[in-house]
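Engineer: dropping a prediction and its sequence here:
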Amino acid sequence: MPYEHEIEQLAKGALAAHGQLREVVFLEANKDSMLVFADGTVIPVLHQQHGYDIRGEAYAMELARKHSGTDYFSLLAFGYSGTGPSCYAVFLRTAGFQATNVEKVSAPLRLKPDGRTVQGSGRDGSIDWSDGSETPAPGRSKSPPKPAAPPLLRKETAHAAPAAQTPNAEKKKWWAFWR
């Protein structure tokens with residue numbers, strides 16, 4: 001499947017930054033959904049439409065930089081057969097969800113990691129959920145974000161010049177090694 005590796009990286013980055021994915025809230029047909037994480041962060045897939053600044057998600061920005069600026073959250077879609085639902089299935093599978101097929105999802109619906117669903121019904125621009133819960137508002141957790149992983153550093157090799165490793169060693173000119 002195209003984008004599988006990138007979507008796996010996106011999911012792993014989101015999980016590392018925000019903890020376990022608690023639920024997915026499917027709001028409107030095909031595209032509008034929200035990812036609700038354990039730390040309280042709610043990332044809307046249509047982040048621009050919801051006023052969510054995706055630039056605060058370092059893992060997503062790093063992935064976009066590596067791949068010509070592609071916003072991989074924008075590939076997460078549902079309610080039909082195609083690339084979008086396949087991408088969503090990879091994201092959910094990587095996040096540990098039991099039910100990952102979103103091709104036949106009919107919004108509004110909440111999907112839990114164990115496969116349970118909560119049906120909703122739209123009324124006057126809002127959603128009434130069958131369990132009486134409220135629709136989460138997009139936003140970041142109030143707790144400080146986890147720091148990004150430090151960059152990998154190269155290890156020194158055995159081929160490093162001894163003079164460079166010892167601070168008191170006398171520095172030799174380059175031609176001294178040719179004698």
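Structural biologist: Perfect, thanks for sending it.
Engineer: which stretches of this protein form strands?
Structural biologist: Taking DSSP state E, the strands of the chain run over residues 21-26, 33-37, 42-44, 109-111, 117-123, 126-129.
Engineer: E103 is nearest to which of the ones you listed?
Structural biologist: Set against E103 and scored by C-beta to C-beta, the strands of the chain come closest in strand 21-26, at 12.1 Å. For every residue, glycine as well, the C-beta is placed using N, CA and C.
Engineer: what's the angle between the closest one and strand 33-37?
Structural biologist: 170 degrees (axes from the mean of the first three to the mean of the last three C-alpha atoms, to 10 degrees).
Engineer: grab the nearest non-local neighbour of I54.
Structural biologist: Once flanking residues are discounted, I54 sits nearest to H47: 4.7 Å by C-beta to C-beta, 6 or more residues apart in numbering.
Engineer: count of neighbours near the one you found?
Structural biologist: The local packing of H47 (other C-beta atoms under 10 Å) involves 20 other residues.
Engineer: Throw the strands of the chain into TSV and include distance to V102, mean neighbour count and mean pLDDT, thanks.
Structural biologist: Conversion of the strands of the chain to TSV gives the following (distance: least, C-beta to C-beta, whole Å; neighbours: other C-beta atoms under 10 Å; pLDDT from 0 to 100):
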stretch	distance to V102	mean neighbour count	mean pLDDT
strand 21-26	8	22	96
strand 33-37	9	22	95
strand 42-44	16	22	95
strand 109-111	8	23	95
strand 117-123	11	14	88
strand 126-129	18	15	88
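Engineer: show me where pLDDT drops low in the chain?
Structural biologist: Where the chain drops to pLDDT under 70, the residues are 1, 142-179.
Engineer: returning to what we had before: could I get the strands of the chain as CSV with distance to G79?
Structural biologist: Putting these into CSV (distance: least, C-beta to C-beta, whole Å) gives the following:
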stretch, distance to G79
strand 21-26, 8
strand 33-37, 10
strand 42-44, 16
strand 109-111, 10
strand 117-123, 14
strand 126-129, 16
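Engineer: looking at the ones you listed, which is closest to R140?
Structural biologist: Ranking these by proximity to R140 (C-beta to C-beta) places strand 42-44 first, at 8.3 Å.
Engineer: what's across from the residue lying closest to L109 once chain neighbours are set aside in the sheet?
Structural biologist: Spatial nearest neighbour of L109, excluding adjacent residues (C-beta to C-beta, 6+ apart): F26 at 4.6 Å. Beta-bridge pairing for F26 (DSSP bridges): S33, L109.
Engineer: do I have it right that G56 meets R140?
Structural biologist: Yes: shown here, G56 and R140 form a contact pair, counting by C-beta atoms under 8 Å, at 6.4 Å.
Engineer: of these two, which one has the most company?
Structural biologist: R140 (18 against 14).
Engineer: without its sequence neighbours, what residue ends up closest to the more buried one?
Structural biologist: T41 (5.2 Å).
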